[in-house]
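S.K.: task: produce atomic coordinates for the following.
(one chain, ligands or ions: 1)
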Amino acid sequence: MRTALSSQLNRPLTIGNQTIDKRLSLSPMATLGHVAFRELVSEFGGYGLLFTEMCRANTIPNENRHTSAYFKWRDEELNQLVCQIFGNDPEIMAAAARRIEDEGFFGVDINFGCSTGLICRQDCGAALLKTPDRAVRIVDRIRGAISIPLFVKFRTGWKDDPHGAVDLARRLEAAGADALTFHPRVAPDRRARPPKWEYIGQVKAAVTIPVFGNGNVFSHEDCRRMLERTGCDGVAIGRMAVANPWIFASLSEGLIPGPDIHFDSAIAMAKLLAKHFDPRRALGRFKKFALYFSANFRYGHTFYTNIRNAKEMAEVENILCKFFETPPELGTTPNMNFFV
Ligand SMILES: Cc1cc2nc3c(=O)[nH]c(=O)nc-3n(C[C@H](O)[C@H](O)[C@H](O)COP(=O)(O)O)c2cc1C
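M.R.: Okay, here's the model as predicted:
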């Protein structure tokens, strides 16, 4: 069913030398945006691009795609798949970007947004927002190394003032970035306070390349308001896509989920994880998925606790069958206790 929102999301968007046909992307998420989850999302469709979880740049040139947990993909998804890298050495990051281009990915995305201690202590991710000259040098060097679309994902910075981000956006464009994903939160603020969408509008107004707005889009109404209020060109969705892997199809194609969508998706996720990963990693990844998926249910803590206690994948299927025996009560908005 076509709505005003779906018509807006189905307009083509040119990014560098490529065009996508839907203005929604899966935001990169470590331990959640792996090959199995992306396969589940692809079964519903409705997005323009999928982003991998962040990959450490210095491992990429020699990484084995068949044994890697994160630098792993299905050939069928490559034409809509952007690989995100993090690092801080322009040469090493350029070498990683070259391999990504050679493998046939749609694009490369640079992570200047991750604010976890582990990443920032290595002067990567959002730490680079403290040294914008270095961030710009990285973009410039990678631009010189590849011809596929180059994305940058970044956030407000280390203080709650949009000017630094606006200035950086201009410099990233001048250095050759083809598109930006902007998450308007300050770096120490993981996801506790609401993002300041008005900053997205300011970044968008400062550049001519496409800008994807990101942060707290949980519903059709949120998506519509973000586009309207900020003028952004597209919307990147993270956590809500884990809770509702069909969200892209719902927003851009009017998919109306049937009553079994939660059960079917959870079972499909378990099977896909077992297909792509060894049993130990499959179980670990299912538990990460289950945390965000629990946000759907009024009694999500019961769901999550049962899954968290599972010792092996075989148990997971039984837990799912039992939990869904009686249709669970759904919340009208995601339960934020699970959206860490
Ligand atoms: C578990 C988790 C892992 C994340 N990993 C990454 C990452 O690898 N790279 C990145 O740029 N952002 C990462 N993010 C941030 C998301 O891409 C996104 O910016 C954030 O969740 C806000 O969007 P949302 O409100 O739609 O979830 C992560 C977020 C979560 C919850």
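S.K.: so residue 285 versus the ligand, what's the distance?
M.R.: 12 Å (CB to the nearest ligand atom, to the nearest Å). For glycine as for every other residue, the C-beta is placed from the backbone atoms N, C-alpha and C.
S.K.: which helix or strand contains that residue?
M.R.: Element membership for residue 285, per DSSP states H and E: helix 279-293.
S.K.: so what's the closest residue to the ligand within the stretch 51-200 of the chain up against?
M.R.: Minimum separation of the stretch 51-200 of the chain from the ligand (CB to the nearest ligand atom) falls at residue 54, amounting to 3.4 Å. Contacts for residue 54 (CB atoms under 8 Å, 6 or more residues apart in numbering) come out as 28, 30, 70, 84-86, 111, 114, 119, 125.
S.K.: so which of those sit within strands?
M.R.: 84-86, 111 (DSSP state E).
S.K.: return the residues of the stretch 101-250 of the chain in contact with the ligand.
M.R.: Residues of the stretch 101-250 of the chain lying close to the ligand by CB under 6 Å from any ligand atom are 111, 113-114, 153, 183, 214-217, 237-240.
S.K.: which among the residues you listed gets closest to residue 315?
M.R.: residue 239 (25.4 Å; CB to CB).
S.K.: residue 296 is in contact with the closest one, correct?
M.R.: No: look at residue 239 against residue 296 with CB atoms under 8 Å: they stay out of range, at 11.6 Å.
S.K.: in the stretch 151-300 of the chain, what residue is nearest the ligand?
M.R.: For the stretch 151-300 of the chain, CB to the nearest ligand atom, closest residue to the ligand: residue 238, 2.9 Å.
S.K.: burial of that residue, as a residue count?
M.R.: 22 (other CB atoms under 10 Å).
S.K.: the helices in the chain, which residues?
M.R.: When assigned using DSSP state H, the helices of the chain occupy the ranges 4-9, 35-44, 90-103, 117-120, 132-145, 162-174, 197-206, 220-230, 239-243, 247-253, 261-276, 279-293, 300-308, 313-323.
S.K.: export the ones you listed to a markdown table and append columns for distance to residue 191, mean neighbour count and mean pLDDT.
M.R.: Formatted as a markdown table, the helices of the chain follow (distance: least, CB to CB, whole Å; neighbours: other CB atoms under 10 Å; pLDDT from 0 to 100):
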| stretch | distance to residue 191 | mean neighbour count | mean pLDDT |
| --- | --- | --- | --- |
| helix 4-9 | 24 | 16 | 96 |
| helix 35-44 | 19 | 22 | 98 |
| helix 90-103 | 26 | 20 | 98 |
| helix 117-120 | 15 | 14 | 95 |
| helix 132-145 | 22 | 19 | 98 |
| helix 162-174 | 17 | 18 | 98 |
| helix 197-206 | 14 | 20 | 98 |
| helix 220-230 | 15 | 17 | 98 |
| helix 239-243 | 8 | 24 | 97 |
| helix 247-253 | 18 | 23 | 98 |
| helix 261-276 | 22 | 19 | 98 |
| helix 279-293 | 12 | 19 | 98 |
| helix 300-308 | 17 | 18 | 95 |
| helix 313-323 | 26 | 16 | 96 |
